[in-house]
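**Q** sequence-free structure coming up:
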């Protein structure tokens, strides 16, 4: 048909996907080339290294661009990793499919063969999955152990160069608040836990983030120890289809991420001081030392707290971040409690709270007169004349402010943590009466303070009574490693702490404001990589091993299709020519799938400076493909080369303090879902383009005899 001939040459949607994905080529691989994004309205610049930030910065006016952005946002929301891989494969497979269309391959053949080919690759790479327990055991056994003469207090995660000047910070916090909460009320076996070992770590060469305070809203917890991995987590169902384009299907992974926990009994079998997870975090960080050090510090801290129960625990729900722009990067550290930024006026209130135990209130909504909780139903048969009177009119607004302040003063409330926004006028009145109100506090932070202080969250202050209050909280100005309080222009960092709180705040600092988004994105990416690795109970071999096996397998399938063109395929069709044509189509499409894997590997190698050009990278890839074919078993060849650490000369990353290397590993579910989402998006745009009449021959087609076959939207 003329319709097919026109659209086979003019698939605008695929071309748009390819152009958008090209902008993210430098974001692929561990050695990312960051991009500067400039806001034309404010002339402010921001350094980014993630596909999510890139999509947010681009002007996506086309339908294909919107679909690409939504697909990347869906991957980010669920996994927080794999977005750059998704973006690149969208572009690579879009170009490959355009080449198939130039060879007159039917759209139906492209869709079916590409889907089958990816499913086959996903099944093939299962042999490259390694259990987390085995990875930990191998990494810890090959690491350099500290000497036996080192004191217990100096035991730190392997590879961490930590500043010992503030090791006693947490110990001082414990002793200062012992009288507030009985030690055995939260840690029944405190005598065996040794919590006073160095538990706050500064960090050199690190940065901060754009948003001032942000933490995860996921309450999930992951746990691992030397006894192995829980079977309930390892036995996850195999992925069958992308959830993004099947909204009706229930997400199996999402059901695990909601509130499940993995607990493993038995003492840790690791003699290394990484507590069984430090080296795994290093292997998943792909060589980013700053974020890896912070994550190792968090792992060590949470291990200390969980040591009483005999299992090592990693919980992302107990992690928050606070960014302090303008400070040297050496001030980055992990602090117990909640660190946030307040105004200088609020900081004056904190000076009245020094060394005082405070009463705290938790609010799970906005602290404004207009706020109504979700599901609020207005009274029936009531006509609203003016719902929100202005401040100038006084009236009910002044009365509301006075009532709210009276409630706080009558109950002697000192600190209010609000999940949402706070009325500015009420904030000013609270400051004048020495009541500290902090807005935009995330749910996991509220939950952490509620568990320890006994405070019960309320939606409105009118619900507040004495039983809802929490006690034992202390507030102080945050101090850096030099024991000096900081003041960052219009913002002052403060620390809210209470005895026994599990919450940790990663304080991120940088003197370059444009690096803040970059550092925050990296930190949370590595946190979630470790979380998903523990959730899956297994990891992929990294360094391009998985993609290389997919490339080898796709090419093998394409060669088999060509060999069977005149043999087995002829049995399925009455016409041998049709059978041969079908097999040739299949071979072309499978080769297009392989082209995407090849481009992925070559770009990663170039970005990592392992090769001088993509041509050299592809030459090296072809060399390994030939050796894998000669071996007879590509998977066995990949396993052998990965153990040697020689494949593509980029399968290991160095330790911090020695010349040994740690092999690179990747997440299983997040990576495979990124593949599926990328292909689903490309095929969706392909099929949509095939149903749209475009080009200069539009009028000719509409006036033709076949116009009745078209559907007009």
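**A** Received the coordinates, thanks. This one's a predicted model, so the numbers in the text were calculated from it and none came from an experiment.

**Q** Per-residue pLDDT of the nearest residue to residue 352 once chain neighbours are set aside, please?
**A** On the basis of C-beta to C-beta, 6 or more residues apart in numbering, the spatially nearest residue to residue 352 that is not a chain neighbour turns out to be residue 434, at 5.3 Å. Placement of C-beta: from N, CA and C, glycine included. With respect to pLDDT, residue 434 scores 93.

**Q** Likewise for residue 626?
**A** According to the predicted model, the pLDDT of residue 626 comes to 93.

**Q** now do residue 694
**A** 54.

**Q** which helices and strands does the helix or strand that contains residue 75 pack with?
**A** Under DSSP states H and E, the secondary-structure element containing residue 75 is helix 63-79. Under the contact definition 3 or more C-beta pairs under 8 Å, 6 or more residues apart in numbering; DSSP states H and E, helix 63-79 sits against helix 12-22, helix 51-57, helix 83-102, helix 252-259, helix 668-690.

**Q** Out of those helices, which one sits most buried?
**A** When neighbours are counted by mean count of other C-beta atoms under 10 Å, the highest per-stretch mean among the helices and strands packed on helix 63-79 falls to helix 83-102, a mean of 24.

**Q** For it, give the mean pLDDT please.
**A** The predicted model assigns helix 83-102 a mean pLDDT of 95.

**Q** If we go by neighbour counts, what in stretch 352-362 is buried?
**A** In terms of neighbour count (16 or more other C-beta atoms under 10 Å), stretch 352-362 has its buried residues at 353, 358, 359, 360, 361, 362.

**Q** one step back: what's the angle between the helix holding residue 75 and helix 12-22?
**A** Taking axes from the mean of the first three to the mean of the last three C-alpha atoms, to 10 degrees, one finds that helix 63-79 is oriented at 50 degrees with respect to helix 12-22.

**Q** picking up where we left off before, can you add distance to residue 601 and give the helices and strands packed on helix 63-79 back as CSV?
**A** Rendered in CSV, the data for the helices and strands packed on helix 63-79 read as follows (distance: least, C-beta to C-beta, whole Å):
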stretch, distance to residue 601
helix 12-22, 16
helix 51-57, 18
helix 83-102, 11
helix 252-259, 26
helix 668-690, 14
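
**Q** Between those helices, which one is closest to residue 586.
**A** With C-beta to C-beta as the measure, helix 83-102 is the member of these nearest residue 586 (10.9 Å).

**Q** Quick one: name whatever helix or strand follows the closest one.
**A** Helices and strands here follow DSSP H and E; after helix 83-102, the next one along the chain is helix 107-124.

**Q** Can you list the buried residues in that following helix?
**A** Judged by neighbour count (16+ other C-beta under 10 Å), helix 107-124 contains these buried residues: 107, 109-111, 113-115, 117-122, 124.

**Q** Could you do stretch 324-338 as well?
**A** The neighbour-count check on stretch 324-338 (16+ other C-beta under 10 Å) flags 324-327, 329-338 as buried.

**Q** Reformat the buried residues of stretch 352-362 as JSON lines; add distance to residue 133, pLDDT and secondary structure.
**A** As requested, the buried residues of stretch 352-362 are arranged in JSON lines below (distance: C-beta to C-beta, whole Å; pLDDT from 0 to 100; DSSP: H, G, I helix; E, B strand; the rest coil):
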{"residue": "353", "distance to residue 133": "47", "pLDDT": "87", "secondary structure": "coil"}
{"residue": "358", "distance to residue 133": "44", "pLDDT": "95", "secondary structure": "strand"}
{"residue": "359", "distance to residue 133": "46", "pLDDT": "96", "secondary structure": "strand"}
{"residue": "360", "distance to residue 133": "41", "pLDDT": "96", "secondary structure": "strand"}
{"residue": "361", "distance to residue 133": "44", "pLDDT": "97", "secondary structure": "strand"}
{"residue": "362", "distance to residue 133": "39", "pLDDT": "97", "secondary structure": "strand"}
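
**Q** So which of these is the closest to residue 130?
**A** residue 362 (42.6 Å).

**Q** Okay, that closest one and residue 584: tell me how far apart.
**A** Shown here: residue 362 relative to residue 584, a distance of 66 Å by C-beta to C-beta, to the nearest Å.

**Q** For the residue nearest to residue 335 when sequence neighbours are not counted, which residues are in contact?
**A** Leaving aside its chain neighbours, residue 335 sits nearest to residue 505 (5.1 Å; criterion: C-beta to C-beta, 6+ apart). Contacts of residue 505 were listed using C-beta atoms under 8 Å, 6 or more residues apart in numbering, and they are 319, 320, 321, 322, 334, 335, 336, 337, 338, 339, 495.

**Q** which element is residue 505 on?
**A** Secondary-structure element containing residue 505, defined by DSSP H and E: strand 504-510.

**Q** Given that strand, what are its sheet partners and their directions?
**A** Using DSSP bridges, strand 504-510 pairs in its sheet with strand 319-325 (parallel), strand 332-336 (antiparallel).
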